[in-house]
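>>> got a predicted model here, sequence first, then my questions.
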Amino acid sequence: MIGSGDIITPLVMGFLLGGLYALIALGLSLVFGVMRLINLAHGDLVILGSYMAYGLMTLLGLDPIVSLVICIPVMFVLGFGIQKYLMGRAFGISAEVPLIIAFGISLIIQNANQILWTPLSRGINTSYSLMSFNIGQRQFPVSYLLDFIVGIMVMFALREFLGRTYLGKAITAASQDKRAAQLMGINTHRIYGYAFAIAMVSAAIAGVFLGMTFPFTPTSGTSLLTVAFGTVIIGGLGSMLGTFLGGMILGMVQTMGGYFFGPATQMLILYIIVLVILAIRPQGLFGR
Amino acid sequence: MSEEIVLQISKIDVFHGTFQALWDVSLEVKQGEMLALIGANTSGKTTLLDTISGLLHPSKGSIEFGGKDITRLDPHQIVELGITQVPEGRRIFPDVTVLDNLIIGSYSRKGRAKREQNLKKVYEHFPILKERKRQIAKTLSGGEQQMLAIGRGLMADPKLMLIDEMSLGLAPIVIDELFRALKEIGGRGMTILFVEQNVRRSLQEADRAYILETGRVVLSGAAVELGEEDQVKKAYFGL
């Protein structure tokens, strides 16, 4: 049935999926934009959020959305700590060291999750995450809609935060010119800590909603990192709105690719698009 | 102008990696004066400003500001104590508005407390910035960007301003305007240490000057007198 039948369904699914991709990529984009660090552990930190919500649900019976009250502060502190005690020190040595540290963090999280939760696939299932809603005759999962709404909310929250608060403006300033920011009295070490912490908060939120949408395993983070990379490559690193639009395009490319060329090729199409954009517009469609 | 010394640099050596950029440099800045730091490219002027700002630390010697040892402090602590640098090349934040640049300038605790007051002052010195406050900073002309960089420095509510190569690449008429503004700012009690390539101009504008050559202070004194020194005439005016 390739290339035939209803085109509306993959279109809507891709659109909604894009919100989730954007949500996953926002933190990666922020960390790169501010400290020029490609955080190879980003996907695993997202999955860490999924497992945290999963654990709180199975052990304490907490609703995953309610569990954000715990996940967010934990990830905030974890992010601040990683930046302050690991990355911050490594930046002074060379550009490669933080990259290797991120890789190490990725391995540690994957293995810790394997020990804690076994390699079996898990999912965060709630009464509402399995529901569906209708557009005309077509049915769509409620979890996709939730992902999209939360993706938009987090994107706007980050934009407002970066554009309107003193701390946000300082983060923006440090990302545009670190030296000038230091000369303005901005403690860039601390600013980097906050930026990383905020990126981890967005990762936690992404993890919780991802876990309600798709099953995950301890190694799922690797493929998430690829998706997040694709999103920021399309959207342009460092821009929140660009990242969000990048997510939308990626989601649509994936589902439309599946529609026209079959589900087996949908990821292939997606990576081809990413490569093409890298070749013709390396700063991303919406990047500077 | 009083004789009170606000900044005392004593016998500092500064390295960039293994390259020694400053050798045994001593310098003092007096309350309320306009002090010029003169020298060719790579004579160490910017290195000296960066060391005062805490971006670099001397391997030997000390720096005192207002009687307090600041040799080992970080840049943000130094801004908090009342020294701001207007860096070479202006280095405004290009992708945010003029107003946001000024607000970021007031990031220090000290600056934040007096934000509205200082903003008013900046607009008095540079009315164009008020007109353009909603504009994205990189769309300003070179001269306006320099005004913004100085205004942003003022927003930290400093006692001492370090100004690096303010007139680089600007038209003479713009440079005149900038120096007029500096005089105004100085007239309100600000102490200013500025670095310039243009020796003649520097000696006209400054009260005193230091001349750096390959990382060493070779001459210092009242600006008018330095202009009469044979050594200066030969080296810088080509006489």
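Yep, it's here. Numbering: from 1, shown residues only, chains lettered A, B, ... in the order given.
>>> am I right that residue A:6 is in a helix?
No. Assessed with DSSP: H, G, I helix; E, B strand; the rest coil, residue A:6 is coil; it does not lie in a helix.
>>> can you classify residue B:84 as helix, strand or coil?
Strictly by three-state DSSP, residue B:84 counts as strand.
>>> can you pull out the helices in chain B?
Using DSSP state H, the helices of chain B run over B:45-53, B:75-81, B:98-105, B:109-113, B:115-125, B:127-131, B:142-154, B:172-187, B:199-205, B:223-226, B:230-232.
>>> next, count neighbours for the nearest residue to residue A:151 once chain neighbours are set aside.
Sequence neighbours aside, residue A:19 is the residue nearest to residue A:151 in space, at 3.3 Å (criterion: CB to CB, 6 or more residues apart in numbering or on different chains). C-beta: built from backbone N, CA, C; applies to glycine. Other residues lying near residue A:19 total 26 when counted by other CB atoms under 10 Å in any protein chain shown.
>>> give the buried residues for the strand or helix carrying residue A:19.
Here residue A:19, judged by DSSP states H and E, is contained in helix A:8-35. Within helix A:8-35, the residues that count as buried by 16 or more other CB atoms under 10 Å in any protein chain shown are A:9-10, A:12-14, A:16-35.
>>> got it, and stretch A:263-273?
A:266, A:267, A:269, A:270, A:273.
>>> and for stretch A:134-148?
A:141, A:142, A:143, A:144, A:145, A:146, A:147, A:148.
>>> residue A:126 - that's part of a strand, no?
No. Checked against three-state DSSP, residue A:126 lies outside a strand; its state is coil.
>>> for it, grab the count of nearby residues.
14.
>>> closest residue of chain A to chain B?
residue A:185 (3.2 Å; CB to the nearest CB).
>>> for the residue lying closest to that residue once chain neighbours are set aside, what are its contacts?
Leaving aside its sequence neighbours, residue A:185 sits nearest to residue B:79 (CB to CB, 6+ apart; 3.2 Å). Going by CB atoms under 8 Å, 6 or more residues apart in numbering or on different chains, residue B:79 touches A:183, A:184, A:185, B:108, B:110, B:111, B:156, B:158.
>>> enumerate the residues of chain A near chain B.
A:166, A:169-170, A:172-173, A:176-177, A:179-188, A:288 (CB under 8 Å from any CB of the partner chain).
>>> go again using 6 Å as the cut-off
Selection of chain A residues close to chain B by CB under 6 Å from any CB of the partner chain yields A:169, A:170, A:173, A:176, A:177, A:180, A:182, A:183, A:184, A:185, A:186, A:187.
>>> save those as TSV, and put in distance to residue A:201, secondary structure and neighbour count too.
Output for the residues of chain A next to chain B, formatted as TSV (distance: CB to CB, whole Å; DSSP: H, G, I helix; E, B strand; the rest coil; neighbours: other CB atoms under 10 Å in any protein chain shown):
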residue	distance to residue A:201	secondary structure	neighbour count
A:169	19	helix	22
A:170	17	helix	24
A:173	21	helix	28
A:176	22	helix	22
A:177	25	coil	17
A:180	27	helix	24
A:182	25	helix	25
A:183	29	helix	31
A:184	25	coil	30
A:185	26	coil	28
A:186	21	coil	25
A:187	20	coil	20
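>>> no more questions from me, cheers.
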